[in-house]
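Asks: Predicted model, plus sequence, below.
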Amino acid sequence: MVKAKTHEFKKEVYVKIPQEIVKTLGVKPGDELEFKIESGKVIISKPLLSSKELEVLRKMNSVKHYERTKDRILKLLSKEEVMVLEDLINKGIVFESKKGSKKLLRIKKEVFPLVVSYNPLVEKLYSQGYVVIEDPSEARELEEMLLEQGKSGEVTGVRGFDKKYYVVLKSKVEEMKPLITKALESPKVIEDLAKKIKVNKEFCKALIEVLRENGEVIEKKKNLFQKA
């Protein structure tokens, strides 16, 4: 247990942080600390990101992933925030990644959940097990979002002949594949297959597109599918 004595100054109560805590948390002058009360005890912690760093990262995140060049981000920041961004880059929290001919700034996946806790596309994907996207820019945004959150390995996707993007959780594909394989021992159209495996037509179409891309399902003729 570490003890510290309180002092009063201008009707405010202050306490000097013991060196043991300073060394353990790596506290430096100007750092922010968090205080949490649990079961009558005060727990002190040093946030992974300061409020200023979070503000810069959230401004970064307000720009679509495929437009997140350094020049574009700098235009959003004040002079003080530019210095914060450079510090984030030096720490490796923000790093540069090449995408085609562009160099884009990305946020380290370990801290990304602190920057954004909600994204409609990601939320929809994980709540229903799939998403169907028509806008290519939204598809790219989802891809980058999953990559930054370290979830890209949990999903599979394909662009269909109808130019829509079908993205499905791998766990859902594995769950539904035995049912689809059995149902497609004889050819079926999407509508009949959806009824057979008890999912909606859109979800059924997404599953079929993924399985067809994997070579596990073939389209005998337009909208008529069979097990490969």
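Replies: Arrived safely, thanks for sending.

Asks: drop to CA atoms for contacts and neighbour counts, all remaining ones
Replies: OK.

Asks: How is the chain partitioned into domains?
Replies: Per automatic domain parsing, the structural domains of the chain span 6-45, 51-115, 120-227.

Asks: Just the terminal-to-terminal distance for the last one.
Replies: One end of domain 120-227 sits 34 Å from the other (Cα to Cα, to the nearest Å).

Asks: picking up where we left off before, if I average pLDDT within each of the domains of the chain, which one is lowest?
Replies: Note on the domains of the chain: domain 6-45 shows the lowest mean pLDDT, a mean of 70.

Asks: any idea how far the residue most central in space within the chain is from V115?
Replies: Nearest to the mean C-alpha position of the chain, by Cα atoms, centre = their mean, lies Q149 at 3.4 Å. Going from Q149 to V115 by Cα to Cα gives 11 Å.

Asks: Please name the residues that touch the closest residue in space to V167 that isn't next to it in sequence.
Replies: Using Cα to Cα, 6 or more residues apart in numbering and skipping the chain neighbours, the partner closest in space to V167 is G157 (4.1 Å). Residues in contact with G157 (Cα atoms under 8 Å, 6 or more residues apart in numbering) are Y165, Y166, V167, V168, V210.

Asks: How many residues are close by the nearest residue to the residue nearest to the centre of the chain once chain neighbours are set aside?
Replies: Spatial nearest neighbour of Q149, excluding adjacent residues (Cα to Cα, 6+ apart): K109 at 5.0 Å. K109: 17 surrounding residues under other Cα atoms under 10 Å.
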